[in-house]
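Trainee: generate a structure from the sequence data that follows.
(one chain, ligands or ions: 1)
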Amino acid sequence: MSYMPVNGSLVGRVLASDLFTKNGILLLPQDTVITATHVHILQKQSIWEVEVQDVWTEGTGEDISSQLVEMTADASAVAVYVEALDKTREIFEQTFQDVKPRLEQFSEIFCDVAGHALKQKGLFRSLYFLEGADSYTYRHSLNVGILCSLIASLLKWDEDRVSFMGTAGFLHDLGKMRIPKEILLKPGKLSEEEFAIMRQHTVYGYEMIRTMEGGSEELALCALLHHERLDGSGYPQQRKGDDIPIECQVLAVADMFDAICSDRVYKDRTSPFEAAQHLWKEACNGTLNIEIVAQFVRYIALLYVGAKARLSTGEEVEVILINQDEPMRPLVRRSGEFLDLRLERKLTIEKMIG
Ligand SMILES: [Fe+2]
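Mentor: Numbering: from 1, shown residues only. Predicted structure coming up:
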């Protein structure tokens, strides 16, 4: 193991340990073969020295270059995401200042990252490998924006509505900026009183977006109603069924999925398959729109074909085939043998690992 400066001489060397941004987000995992794009990303993150293994990469030129193409695609998209995250933190914090940001400024940050995420499955998949809970609200906002535009495209909504949904998702929790940090970041369960304060983020968000330059009532309503549930069990207005605009029903699905999948202050992240199972249960219980959940779950599951996962037994498996009737219980390969998770009901996919 040795330390090397971050410059062109690093290309082709292998990382000796995981590399994190200053916000604690995993930038490059251990064993990454460094490319020129990686060097650029590291420099942008002001990382000037890294620990590398004392071996050069093995394998044929062909297999290395195909690996590199794949990694470069992911790494550059991750860089866009990390940059958008920094800008999100900045602009969300500006909502407290005298000159408040305009809607346009939010959309600019979001559009770039959404374009990358929707085009590159790699980025989408790696959203849920990123680690660290400290920037949860900002990551959650970006992710929910991406998920909302994804669902809108799955529902075949037109381009304007897809982009509206992206912005609505990106801004849905803006009101949380007005919630005291000790409640927002509290590890463990909130008391009844604290939860009542937390619920106010929907109303705060509504007011902030409605009065923002370029904001609209329709967009503000998405922030107000994203915690409403079809059976009337949500908040703040306990609306039921069709009284909840379809846009807010989409937001509810995206919001719940990302919240379950992400690292948070008080819990470890769950695998997208488990999260999908949870959404399905909610839809069957009548709280979420079942058609939206069905389309979304099928798409998410397909995205993870070929990915490695850890089962509840701790064993490592590869996702091989998605079953049409139950996408969240795929066929997986466990060291040479195939397991149909539809038949192995006690097993669950606990974590995605690569
Ligand atoms: Fe929320």
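
Trainee: show me where pLDDT drops low in the stretch 51-200 of the chain?
Mentor: Residue ranges of the stretch 51-200 of the chain with pLDDT under 70: 55-78, 118-135.

Trainee: quick one: the helices in it, in order.
Mentor: Ranges of helices in the stretch 51-200 of the chain, per DSSP state H, counting those that start in this stretch, are 61-94, 103-119, 121-126, 136-154, 159-171, 181-184, 192-199.

Trainee: helices or strands next to the last one in the packing?
Mentor: Right, helix 192-199. Contacts defined by 3 or more C-beta pairs under 8 Å, 6 or more residues apart in numbering; DSSP states H and E place helix 192-199 against helix 181-184. For glycine as for every other residue, the C-beta is placed from the backbone atoms N, C-alpha and C.

Trainee: now do the contacts for the nearest residue to residue 229 once chain neighbours are set aside.
Mentor: Closest residue to residue 229 apart from its sequence neighbours, by C-beta to C-beta, 6 or more residues apart in numbering: residue 287 at 4.1 Å. Contacts of residue 287 were listed using C-beta atoms under 8 Å, 6 or more residues apart in numbering, and they are 229-231, 233-234.

Trainee: now those in CSV, with distance to residue 171, pLDDT and secondary structure?
Mentor: Putting the contacts of residue 287 into CSV (distance: C-beta to C-beta, whole Å; pLDDT from 0 to 100; DSSP: H, G, I helix; E, B strand; the rest coil) gives the following:
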residue, distance to residue 171, pLDDT, secondary structure
229, 21, 98, coil
230, 23, 98, coil
231, 26, 97, coil
233, 24, 97, coil
234, 19, 97, coil
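
Trainee: which among the residues you listed end up buried?
Mentor: By neighbour count, with 16 or more other C-beta atoms under 10 Å, the contacts of residue 287 hold 229-230, 234 as buried.

Trainee: quick one on the thing from earlier: what about the residue nearest to residue 229, distance to residue 203?
Mentor: Residue 287 sits 21 Å away from residue 203, going by C-beta to C-beta, to the nearest Å.

Trainee: also residue 153?
Mentor: For residue 153, the distance to residue 203 - C-beta to C-beta - is 30 Å.

Trainee: find the nearest non-adjacent residue to the residue positioned nearest the centre of the chain, please.
Mentor: For the chain, the residue nearest the mean C-alpha position is residue 143 (3.9 Å; C-alpha atoms, centre = their mean). Leaving out its chain neighbours, the residue that sits closest to residue 143 by C-beta to C-beta, 6+ apart is residue 258, at 4.5 Å.

Trainee: related to what we said a few turns ago, pLDDT score for the residue nearest to residue 229?
Mentor: Turning to residue 287, the model gives it a pLDDT of 97.

Trainee: and for residue 8?
Mentor: 64.

Trainee: please apply the same query to the one 3 residues further on.
Mentor: In the predicted model, residue 11 carries a pLDDT score of 67.

Trainee: the residue nearest to residue 143 sits in which helix or strand?
Mentor: Per DSSP states H and E: residue 258 is located in helix 246-261.

Trainee: helices and strands around the helix or strand just after that helix, which ones?
Mentor: Beyond helix 246-261 on the C-terminal side, the first helix or strand identified by DSSP H and E is helix 272-284. Identification of packing neighbours for helix 272-284 by 3+ C-beta pairs under 8 Å, 6+ apart yields helix 246-261, helix 290-303, strand 349-352.

Trainee: determine which stretch of the ones you listed is the most buried.
Mentor: Neighbour counts (mean count of other C-beta atoms under 10 Å) averaged over each of these peak at helix 246-261, with a mean of 23.

Trainee: list the buried residues for the longest strand seen in the chain?
Mentor: Ordering each strand of the chain by length in residues (DSSP state E) puts strand 49-56 first. Under the neighbour-count criterion of 16+ other C-beta under 10 Å, strand 49-56 has 50, 52 buried.

Trainee: partner strands of that strand, parallel or antiparallel?
Mentor: When pairs are called by DSSP bridges, strand 49-56 turns out to pair with strand 2-5 (antiparallel), strand 13-15 (antiparallel).

Trainee: residues in contact with the shortest one?
Mentor: Translated: strand 13-15. Contacts for strand 13-15 (C-beta under 8 Å, 6+ apart): 4, 28-34, 50-53, 55-57.

Trainee: which neighbouring elements make contact with the next helix or strand after that strand?
Mentor: Downstream of strand 13-15, the first helix or strand assigned by DSSP H and E is strand 19-20. Secondary-structure packing of strand 19-20 (3+ C-beta pairs under 8 Å, 6+ apart): strand 26-28.
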